[in-house]
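Colleague: Here's a sequence, model it:
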Amino acid sequence: MGQLSWAIKWEPYQFKGNEHYEYTIILMIEDKGEAGYILDIREIGGKTPEGENTFQVTYTTTGILTSDELGEETAFGLWGVYGISLNMLMINPGYAFFFSQMDLNVGEKMNFFGAGIIKVIGKEADDENNMLAEWVIDPDLALPLKSKIFEDGKLQGQIELTKYMEY
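Modeller: Below is the predicted model of the structure:
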């Protein structure tokens, strides 16, 4: 008898709908400190003319700013003030294609055409030498459980899921 196994894949940004994500963000850039991000996706029961379900999507960002930082950037979310875009902190959308093609078996590697290598290392580990980013994922969720961004071996920021629920 042979053993049959299916490879697990992760498809970032493939939301199911009726989901709620809450994140804590720690930014090391200019000692910005901690912020919060909430993404809430709820089906509203309507359909498009093409028959697709419709969803209400709510984004919330929270943080503490000084009076000097209050300006046009704060009107549309805190990320203009922080100087790093939220999608790049979470996971660069350009990487999504590569993740969806990769088997999530320990030891699996994928080369980003000279820009770097994605490697499945197993459980969360701390090896920050020469890393650009680190992600901890659950293949069933559309966003990472934790994401860290590095520059010159130093942590620039991280975002960590603190609450997830389905409606």
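Colleague: show me what contacts V136?
Modeller: Residues near V136 by C-beta atoms under 8 Å, 6 or more residues apart in numbering: E124, P144, L145, K146, S147. Any C-beta I mention is one placed from the backbone N, CA and C, and that applies to glycine too.
Colleague: next one: phi and psi at D68?
Modeller: phi -60, psi -30 (degrees, to the nearest 10).
Colleague: So for it, what's the pLDDT?
Modeller: We have a pLDDT of 83 for D68.
Colleague: W6 now?
Modeller: Note for W6: predicted pLDDT of 47.
Colleague: Can you show me the helices along the chain?
Modeller: For the chain, applying DSSP state H gives helices covering 79-82, 86-90, 96-101.
Colleague: which stretch in those is the model least sure about?
Modeller: Among the helices of the chain, helix 79-82 scores lowest, with a mean of 54.
Colleague: Count the residues that sit near the closest residue in space to V136 that isn't next to it in sequence.
Modeller: Spatial nearest neighbour of V136, chain neighbours left out: K146 (4.1 Å); criterion: C-beta to C-beta, 6 or more residues apart in numbering. By other C-beta atoms under 10 Å, 15 other residues sit near K146.
Colleague: For K146, name its beta-bridge partners.
Modeller: Counting by DSSP bridges, K146 is bridged to V136, E160.
Colleague: residues in contact with it?
Modeller: E124, E134, W135, V136, Q158, I159, E160, L161.
Colleague: any chance of these in TSV, with distance to E151 and pLDDT too?
Modeller: Converted to TSV, the contacts of K146 look like this (distance: C-beta to C-beta, whole Å; pLDDT from 0 to 100):
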residue	distance to E151	pLDDT
E124	20	50
E134	13	81
W135	16	82
V136	19	85
Q158	13	87
I159	16	89
E160	19	93
L161	23	95
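Colleague: buried subset of the residues you listed?
Modeller: E134, W135, Q158, I159, L161 (16 or more other C-beta atoms under 10 Å).
Colleague: and the third one, what does it touch?
Modeller: For Q158, the contact set (C-beta under 8 Å, 6+ apart) comprises I25, I26, L89, K146, S147, K148, I149.
Colleague: mind redoing it with 7 Å?
Modeller: Taking C-beta atoms under 7 Å, 6 or more residues apart in numbering, we find Q158 in contact with I26, K146, S147, K148.
Colleague: Mind giving me the PyMOL command for buried ones among those residues?
Modeller: A single PyMOL command is used to select the members of the contacts of Q158 judged buried by 16+ other C-beta under 10 Å:
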select buried, resi 26+147+148
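Colleague: Next one: the nearest residue to W10 once chain neighbours are set aside from P12, what distance?
Modeller: Spatial nearest neighbour of W10, chain neighbours left out: P139 (4.6 Å); criterion: C-beta to C-beta, 6+ apart. Distance of P139 to P12, given as C-beta to C-beta, to the nearest Å: 10 Å.
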